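Chemist: Any chance you can model this:
(2 chains)
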Amino acid sequence: MSTVQESDQVVQRRANLEELRALGIDVYPRKFDATDTVDALVAAHGETPGEVLEATPIATRAAGRILGIRSFGKANFLVLSDGRARIQAYIRADSLPEADFRIFKLLDFGDWVGVEGTIFRTRTNELTIKASGLTFLSKCLLPLPEKWHGLTDVETRYRQRYLDLVVNPDSRRVFEVRSRVVTAIREFLIARGFLEVETPMMQAIAGGALARPFVTHHNALDMRLYMRIAPELYLKRLTVGGIERVFEINRNFRNEGISTQHNPEFTMLEFYQAYADYNDLMVLTETMFAEVARKAAGAEEVTFGEHTISLRAPFRRLPLREGARAAASRRLGIEVTEADLRSRERAAALAGQLGIEITDAMPAGKIASEIFERLCEDELVQPTFVCDFPTDVSPLSKQKPDDPETVERFELYMGGFEVANAFSELNDPVEQRRRFEAQLANRAGGDDEAHAMDDDYIRALEFGMPPAAGEGVGIDRLVMVLSNSPSIRDVILFPLMRPR
RNA sequence: GGGCCGAUAGCUCAAUUGGCAGAGCAGCAGACUCUUAAUCUGCGGGUUGUAGGUUCGAUUCCUACUCGGCUCACCA
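Modeler: Prediction:
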């Protein structure tokens, strides 16, 4: 947004500002010494009866943005917001200095002020600061959205998030949930001996996931760099280095479509635990999610759209081929077997019958997972560990000891989308090299999201990586579920938008 | 990228068959010493997303474009 045309309202607000200046007031003062936040006042005295407040008057100094002015000549009310809570201030001409009352007369909806006074309850039992002093703190020169309907235009809410936060308390609530989610995860992992680290965001090889990267360039080194699509290979190098429990919460970047579940930059928790396998991580994840839900949303059951989602452990386990097999059987009215899904030829035929497009380059496992995603994904509302993925869609996972076509991997679905992905980590350098080579073949076959060869990573494995399991958790999506937000843009403060 | 929908005052929304572009809040002037979506009286406020076209006349119909939403495709 560039300059806004000077409407009559803006002219008026500027005039009010100049009039304050003419009174000798510093209209952009340095500071205000508040003794309490509005939120703290409401929390502390929201239930205190009026008689108690009257018997022992409580003095306070609080500041905030004006979100309401009700004027009755000599008796006036201001609604003061600190972004979390609101409290009203009672401004009486004969209760505060004349100069301060003159300030009041020049206030506009949206201005920042500080109020000094004592707390009482009005006849209508409203908790109120009876002002004995009023300090002007900053001017709102542009008219804010309306007090009653707030701001509903989604484009403006995303582009000018600050307006959304000013007038829509629910929006603020979402980002408080988000903050608590991250805090709860940190506490959970640190309490279990995990070390938080930061690994490169700019990488010479964008590995650890199958996705198109953003490309950038380092001038001094004259080298191509990729914004990371995952921290995985660096965190696993750290397990080679002996950091047995490690995690990172940070941004990933993927150069792909935008949707209600995809933003080009998104926040991911990734953690690795040595000596554990994917079964251990399922237990860890259930425990963690239940705790995070309690701490961030206040309960293990949350409302998500028309659903109630329970994050109480344990979560359902559903082997991928079993889910795909059952769904395909239902859809086609025939008995589909797991063996069908393991056969390239029969799986391809099934996909054809189901109307799922496949390419010649797709191996059987890829087709099975396509069938699963198309038929099952939307129905996975309650937390479900989809487990035992085909090997050829999982280049970094360890195979099951008795079934080399299957890896020890799970994805956690809830609310109808994927929230986490984990596996027993492939730590055999020879097998890892073979998997990378298979990926290179896919790339040659036209799959530009296939994993690149990473010799440096192979070398790290050759030094010996302990048995370990690792997991990535999409923080944004988890927050969506825990804050009942239908779009990922609702949980990202400044989602990517085309410039206007 | 495809499909559908949307864009009107600062905000939230109307506008009949194509016929003077309106309301509430916000703003301005005034009244009011406990209101809370305060109330009451009066007043101002518009390049109807952009560019074209059809028409005596376009917010309305048509075309293109911009931005956005949903959705499909895509998406470890």
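
Chemist: Poorly predicted segments of the stretch 401-500 of chain A, please.
Modeler: Of all residues in the stretch 401-500 of chain A, none has pLDDT under 70.

Chemist: Likewise for the stretch 51-200 of chain A?
Modeler: For the stretch 51-200 of chain A (pLDDT under 70), the answer is none.

Chemist: what does it put close to RNA strand B?
Modeler: Within reach of RNA strand B by CB under 7 Å from any atom of the strand, the stretch 51-200 of chain A has these residues: A:68-75, A:77, A:88, A:90, A:92, A:94, A:108-109, A:120, A:122-126, A:128, A:142-156, A:158. Just so you know, the C-beta spots here come from the backbone N, C-alpha and C atoms, and that holds for glycine as well.

Chemist: Drop anything exposed from these.
Modeler: Neighbour-count burial (16 or more other CB atoms under 10 Å) is assigned, among those, to A:69, A:77, A:88, A:90, A:108-109, A:120, A:128, A:143-145, A:150-151, A:158.

Chemist: Quick one: these as JSON lines, columns for secondary structure too.
Modeler: Formatted as JSON lines, these follow (DSSP: H, G, I helix; E, B strand; the rest coil):
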{"residue": "A:Ile69", "secondary structure": "strand"}
{"residue": "A:Phe77", "secondary structure": "strand"}
{"residue": "A:Gln88", "secondary structure": "strand"}
{"residue": "A:Tyr90", "secondary structure": "strand"}
{"residue": "A:Asp108", "secondary structure": "coil"}
{"residue": "A:Phe109", "secondary structure": "coil"}
{"residue": "A:Phe120", "secondary structure": "strand"}
{"residue": "A:Thr128", "secondary structure": "strand"}
{"residue": "A:Pro143", "secondary structure": "coil"}
{"residue": "A:Leu144", "secondary structure": "coil"}
{"residue": "A:Pro145", "secondary structure": "coil"}
{"residue": "A:Gly150", "secondary structure": "coil"}
{"residue": "A:Leu151", "secondary structure": "coil"}
{"residue": "A:Tyr158", "secondary structure": "helix"}
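
Chemist: farthest-separated two in these?
Modeler: A:Phe120 and A:Tyr158 (40.7 Å; CB to CB).

Chemist: Hmm, A:Arg346 is touching A:Asp340, no?
Modeler: Yes. Applying CB atoms under 8 Å, one finds A:Arg346 in contact with A:Asp340, separated by 4.4 Å.

Chemist: Can you show me the strands along the stretch 101-250 of chain A?
Modeler: A:112-121, A:127-138, A:195-196, A:202-203, A:215-218, A:223-227, A:245-253 (DSSP state E, counting those that start in this stretch).

Chemist: Now render those strands as a markdown table, adding distance to A:Pro169.
Modeler: A markdown table is the format used below for the strands of the stretch 101-250 of chain A (distance: least, CB to CB, whole Å):
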| stretch | distance to A:Pro169 |
| --- | --- |
| strand A:112-121 | 18 |
| strand A:127-138 | 17 |
| strand A:195-196 | 32 |
| strand A:202-203 | 38 |
| strand A:215-218 | 39 |
| strand A:223-227 | 35 |
| strand A:245-253 | 27 |
